[in-house]
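In: Next comes the sequence, and after it the predicted model I'd like to discuss.
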Protein chains: 2
Amino acid sequence: MTSLNRRVVLARRPNGLPVPADFRIEHEALGDLPAGHVRVDVELLAIDAFIRTILEETSYHRPVPLGGIVTAFGVGHVVESRARELKTGDAVRGPLLAQTLATLPARMLEKVDTGRAPLSAHLGVLGLSSGVTAYLGVRDVGAVKPGETFVVSGAAGGVGALAGQIARIDGARVIGIAGGAAKLEYLVKDLGFDAAIDYKREDVDARLRELAPEGIDVFFDNVGGELLDVALDQIRPGARIVICGAISQYQGDVSRGVRGPSLYLRLAERNARMEGFAVNNCPDRVGEAEEALAGWLARGDIRLHEHVEHGLERFGEVLGMLFTGGHVGKLLLEP
Amino acid sequence: MTSLNRRVVLARRPNGLPVPADFRIEHEALGDLPAGHVRVDVELLAIDAFIRTILEETSYHRPVPLGGIVTAFGVGHVVESRARELKTGDAVRGPLLAQTLATLPARMLEKVDTGRAPLSAHLGVLGLSSGVTAYLGVRDVGAVKPGETFVVSGAAGGVGALAGQIARIDGARVIGIAGGAAKLEYLVKDLGFDAAIDYKREDVDARLRELAPEGIDVFFDNVGGELLDVALDQIRPGARIVICGAISQYQGDVSRGVRGPSLYLRLAERNARMEGFAVNNCPDRVGEAEEALAGWLARGDIRLHEHVEHGLERFGEVLGMLFTGGHVGKLLLEP
């Protein structure tokens, strides 16, 4: 049996914002499945910010070589198996890469329970790069307490939307920063944030001072750049700044440096801390996070809009949307 | 009884490095001592980095007004008292300001025990801005553990020299960064640091990689700027960066921003934290710190060179030395 795979390869390294011409589609006739491997029909790919960073030659994480297939996490069903662990029809999640038909060792994949949550939710609410990241950021790093003021940037993205909801569950007053009226409405009306600020139309510094006159206890940062300084200027004594991402700075090789927070000495003035984390570094915390998230999801305590785009050939365009704010919630691509 | 006081007032706001012409000496005939006050013969002033920052009009801490007397901590003896708490002859410590004869409410002063340690040590090893700062930074913020690698910048200054010694007591391997052969010899031979790097003559990044090939567990930063990025690039997973000061950045108003660490995303990549503190924010921790420091000092476990300059009229020049590295250990001025 031969099958045709379509895959996205890196045609050239992006110069700033990724554009379609940075990628090209290749077709591949797949041969026999090796022992221990499975073939997966890729149904959804998570369009995550880390993808941009590993397109750089000098990336801290394993860079994508020129001409190499682009890394991405995804979900799908096993269509052929030569491994005992997985059988045809199993729903799986893993580093399926940007392609339509993935051939991988079964041990690199995780079987997921579509009875517990729909397939897409295993990339979103229950996904490592969204739900688990939000959970660990709020609980382990931010350690938010009831009555505290929790501010999140990139609030309408997958991580931000979930982080705000988890902080609300933990008793915090939650303020989101996002761009555009539709996102603000989503945060306040759909997700129950206490307030939201439109960074595209409002003076974030002034609005934050109005909404949180006593300052910020936890700032969950997905954006970096100027917003991080705005937040640093308004932290309370003992504040925690959770460094989750810096999407405003991902237009080059972040491992060589980005715009650093010029007000970082506020940390000393106010006995505050800035702490970073990557979910990959916390494998022993994933189980607890998934369990809590699945429970909240089942009870309707948290939700996440899924913005699904279609067509593998649109990979570059859709990746670009992540940086221009052209989506709400979890950005997914159906190849 | 009238007495003559000489005091240092701010003649103009410094442009970068403070210079003598930024200050002038005024003479003042002191009148009768008000009730509840004491008069103190100022014997030593601590020349601390915070003094530079409060010379800015927009300083986060209470700025010195133009024509106002310059803030400084000092020690001396009470020469006249109209307060029950203190009597003539008592040794005291407090915000004596840059002058020769201080008139202050007794409640602003702290009586010190010169039997426990010499008068000068109450500004150095036992002082808030040196010993207590170093203790809290190493123990409360850095939380250094036996066998860890502890790196301190500004290592030959008052805080740095003590921080390194406390980390060594706590079982860490200690590497100091300082400028010039004399300071390196002081750190390694006099204070027992495991190694030292001369930032003026060596490639700090390369030397650190040689001396700490497995990376840095705790970086105690007194300097900021480029050195902070060099350290961030070499932190281990779970590292702690202690933000104590940023003396390389104190040439303007730090509260408006300094050079931010462009590699702060290393915190996320390596699940590390950057935490600041100011001793003023931790009043309940001072007692423990002083007790521990006094014990170590008495047993000879820690020591601190005191660099004493003479002459109140040299205040501006001596303050400048703090930023050009012209001293070893605690910088003091005998007015």
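Out: Cool, got the structure. Numbering: from 1, shown residues only, chains lettered A, B, ... in the order given.

In: C-alpha from now on. contacts and neighbour counts both.
Out: OK.

In: what's in contact with the helix or strand of chain A with the lowest mean pLDDT?
Out: For chain A, counting by mean pLDDT, DSSP states H and E, helix A:50-53 ranks last in confidence among helices and strands (a mean of 92). Residues outside helix A:50-53 that contact it (CA atoms under 8 Å, 6 or more residues apart in numbering or on different chains): A:Pro18, A:Ser59, A:Val70, A:Thr71, A:Ala72, A:Tyr250, A:Gln251, A:Gly252, A:Asp253, A:Val254, A:Leu319.

In: Name the helix or strand for the nearest residue in space to A:Met274 that is not next to it in sequence, please.
Out: Using CA to CA, 6 or more residues apart in numbering or on different chains and skipping the chain neighbours, the partner closest in space to A:Met274 is A:Ile241 (4.4 Å). Using DSSP states H and E, A:Ile241 sits within strand A:235-243.

In: Mind giving me the packing neighbours of that strand?
Out: Counting contacts by 3 or more CA pairs under 8 Å, 6 or more residues apart in numbering or on different chains; DSSP states H and E, strand A:235-243 is packed against strand A:216-221, strand A:273-276.

In: partners of that strand in the sheet?
Out: strand A:216-221 (parallel), strand A:273-276 (parallel) (DSSP bridges).

In: any chance of the ones you listed in CSV, plus distance to B:Val38, mean neighbour count and mean pLDDT?
Out: Putting the strands paired with strand A:235-243 into CSV (distance: least, CA to CA, whole Å; neighbours: other CA atoms under 10 Å in any protein chain shown; pLDDT from 0 to 100) gives the following:
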stretch, distance to B:Val38, mean neighbour count, mean pLDDT
strand A:216-221, 42, 28, 98
strand A:273-276, 40, 28, 98
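
In: Tabulate these (JSON lines), appending distance to A:Glu309.
Out: Converted to JSON lines, the strands paired with strand A:235-243 look like this (distance: least, CA to CA, whole Å):
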{"stretch": "strand A:216-221", "distance to A:Glu309": "26"}
{"stretch": "strand A:273-276", "distance to A:Glu309": "30"}
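
In: Got the domain ranges for chain A?
Out: The record assigns chain A these domain ranges, following automatic domain parsing: A:3-124+A:304-334, A:128-281.

In: Quick one: residues contacting the nearest residue to A:Gly180 once chain neighbours are set aside.
Out: Closest residue to A:Gly180 apart from its sequence neighbours, by CA to CA, 6+ apart: A:Asp198 at 5.8 Å. By CA under 8 Å, 6+ apart, A:Asp198 lies in contact with A:Ile177, A:Ala178, A:Gly179, A:Gly180, A:Ala181, A:Leu184, A:Val204.

In: Would you mind listing the two of the residues you listed that lie farthest apart?
Out: A:Ala181 and A:Val204 (14.5 Å; CA to CA).

In: What number of residues are in the vicinity of A:Arg168?
Out: 26 (other CA atoms under 10 Å in any protein chain shown).

In: Relative to chain B, how far out is A:Glu317?
Out: A:Glu317 sits 26 Å away from chain B, going by CA to the nearest CA, to the nearest Å.

In: Next, the contact list for that residue, please.
Out: Residues in contact with A:Glu317, defined by CA under 8 Å, 6+ apart, are A:Pro18, A:Val19, A:Pro20.

In: Low-confidence stretches in chain A?
Out: By pLDDT under 70, the weakly predicted segments of chain A are A:1-2.

In: Chain B contacts on that one?
Out: Contact residues (CA under 8 Å from any CA of the partner chain) of chain A with chain B: A:243-246, A:254-278, A:281.

In: Could I have the buried ones of these as PyMOL selection syntax?
Out: Remark: buried members of these, expressed as a PyMOL selection using 16 or more other CA atoms under 10 Å in any protein chain shown:
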select buried, chain A and resi 243+244+245+246+254+255+257+258+259+260+261+262+263+264+265+266+267+268+269+270+271+272+273+274+275+276+277+278
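
In: Among the residues of chain A next to chain B, which lie within strands?
Out: Applying DSSP state E to those, the entries found in strands are A:Ile243, A:Arg273, A:Met274, A:Glu275, A:Gly276.
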